[in-house]
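Enquirer: can't give you the sequence, but here's the structure:
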């Protein structure tokens, strides 16, 4: 039984089946294509349902194990939707520019994030206001704002998340390369112009339509929350067994 049941009718209503122009297709997407219409490919939504449910099972399991899921969506139409999702389920995210080394050069990125945390703590405690002029404090605040624009979504991320969810394999190819280099599991929406082999859990799906992205995010939120809830429910049982052994 799937962790989250995916409704094929909702996918259809959201336009999840609309692929790219046939001239832009990736041959490896052939098994996921249902037909052609008006010069564009139509994605087989029965494949989308099974792939999405499998991916959601993995997401729920990962969240239930206490591992983080990094959501990556730098494409304009997905940015706000994915940011809202990530914040609501307390997971790291990148929805602005992907900075090279965010995964593969963590010592450098981590040092910048530590600097950001230090500045925020000193600003909140009033240490900067007590030590510097109003103009200098303003400049510190501008530095904090600028760093948050870059690192805000990952400033509480572990060095290696448990999985990376990519909303567009083509647009966020640098994130894909870094995740693959580190051997991190990749879950991704895969439109007809992308290579599904780049993802461990490819989800054949329109990755441009706002309604589709919103629907997928609703399912993702449910999967993360379900995984965490199951883990929380199991914890007391483990504690009781430990007490019994004592």
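Expert: Noted; the coordinates are in hand. On a predicted model such as this, the values are computed, not experimentally measured, just so you know.
Enquirer: how about the helices in the protein?
Expert: Listed in chain order, the helices of the chain (DSSP state H) span 8-13, 45-64, 76-88, 106-125, 127-131, 134-151, 173-182, 210-245.
Enquirer: residue 200 is nearest to which of these?
Expert: Of all the helices of the chain, helix 45-64 sits nearest to residue 200, with 8.2 Å by CB to CB. No exception for glycine: its C-beta is placed from N, CA and C like everyone else's.
Enquirer: flag the shaky bits of the chain, pLDDT-wise.
Expert: 236-246 (pLDDT under 70).
Enquirer: how close does residue 224 get to residue 90?
Expert: Look at residue 224 and residue 90: by CB to CB, to the nearest Å, they are 9 Å apart.
Enquirer: which residues does the closest residue to residue 13 other than its chain neighbours contact?
Expert: Once flanking residues are discounted, residue 13 sits nearest to residue 211: 7.6 Å by CB to CB, 6 or more residues apart in numbering. Going by CB atoms under 8 Å, 6 or more residues apart in numbering, residue 211 touches 13, 14, 15.
Enquirer: how about the residues you listed in CSV, adding neighbour count and distance to residue 73?
Expert: Shown next, in CSV, are the contacts of residue 211 (neighbours: other CB atoms under 10 Å; distance: CB to CB, whole Å):
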residue, neighbour count, distance to residue 73
13, 12, 21
14, 21, 16
15, 15, 17
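Enquirer: residues contacting the closest residue to residue 149 other than its chain neighbours?
Expert: Nearest residue to residue 149, sequence neighbours excluded (CB to CB, 6+ apart): residue 96, at 6.1 Å. Residue 96 sits next to 74, 79, 149, 150, 153 when contact means CB under 8 Å, 6+ apart.
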